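J.: show me the folded form of this:
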Amino acid sequence: MSRIGRKEIVIPNNIEVIINQPEILVQGTKGQLSYKISELIKVETRNNIIKLIKTQNTQEAQAIHGLSRSIINNMIQGVSQGFEKKLIIQGVGYRSHMEGKNLILNIGYSHAVKIEPPENINIRVENNTNICVSGINKEKVGQIAATIRSVRPPEPYKGKGIRYENETVKRKVGKAGK
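T.: Presented below is the predicted three-dimensional model:
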């Protein structure tokens, strides 16, 4: 039994939710998002509360039940508050800057790495080493942050590379001398 799927979603006052059974549209102050709901799930709204109900009692319906609830909740949170991921560049000579909307990373390669953000995703660079990825879609924000991190993930010996703000890198001991 999905515990996440059974939770109700409370709609804030400044958010509008429109349900046309195969699709749900969420509009807020920051923008709008839509999601196609599976036929295994039925959505009910009652005075600013959304409840998801399974139409079948199968394992697939069980999995989709919790997933749909999480996605709809993230959509409501995204259009009201937005999502943000912060990355830190560590290493001598490693830096980044913006060129228009594109992020340019100089991180020890012979060339600069250029990352183009998709629509509705904003990238900011603060003092050359801090990168902030923000937007209304949690999935896209996380994916772009992961793409930036994958360009030069932190290495375990000196800790150089790109890491998330609160990420801890397990350090290894170097070569033992004689």
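J.: any idea how far I64 lies from K138?
T.: 18 Å (C-beta to C-beta, to the nearest Å). Just so you know, the C-beta spots here come from the backbone N, C-alpha and C atoms, and that holds for glycine as well.
J.: over to S110?
T.: 35 Å.
J.: so these two - more neighbours on which side?
T.: Just comparing S110 and K138: by other C-beta atoms under 10 Å the higher neighbour count belongs to K138, 19 against 4.
J.: burial count for the residue lying closest to E165 once chain neighbours are set aside?
T.: Beyond its immediate neighbours in the sequence, the residue positioned closest to E165 (C-beta to C-beta, 6 or more residues apart in numbering) is K86, lying 3.9 Å away. K86 has 16 neighbouring residues, counting by other C-beta under 10 Å.
J.: what residues go with each domain of this structure?
T.: For the chain, automatic domain parsing gives the domain ranges 3-80, 83-164.
J.: looking at these, which is closest to G174?
T.: Checking the domains of the chain against G174 by C-beta to C-beta gives domain 83-164 as the closest, at 6.0 Å.
J.: and the helix or strand of the chain with the lowest mean pLDDT, how far from the chain's centre?
T.: Sorted by mean pLDDT, DSSP states H and E, the helices and strands of the chain end with helix 3-6, the least confident at a mean of 84. In terms of C-alpha atoms, centre = their mean, to the nearest Å, the centre of helix 3-6 is set 21 Å apart from its chain centre.
J.: any idea how far G108 is from G174?
T.: Distance, G174 to G108, using C-beta to C-beta: 19 Å.
J.: who has more neighbours out of these two?
T.: It is G108, of G174 and G108, that has more neighbours when counted by other C-beta under 10 Å, with 12 against 8.
J.: before we move on, what SS does the more buried one have?
T.: coil (DSSP: H, G, I helix; E, B strand; the rest coil).
J.: and the strands in this protein, which stretches?
T.: 9-10, 16-20, 23-27, 32-36, 41-46, 49-54, 83-90, 95-99, 102-106, 113-115, 121-126, 130-135, 161-164 (DSSP state E).
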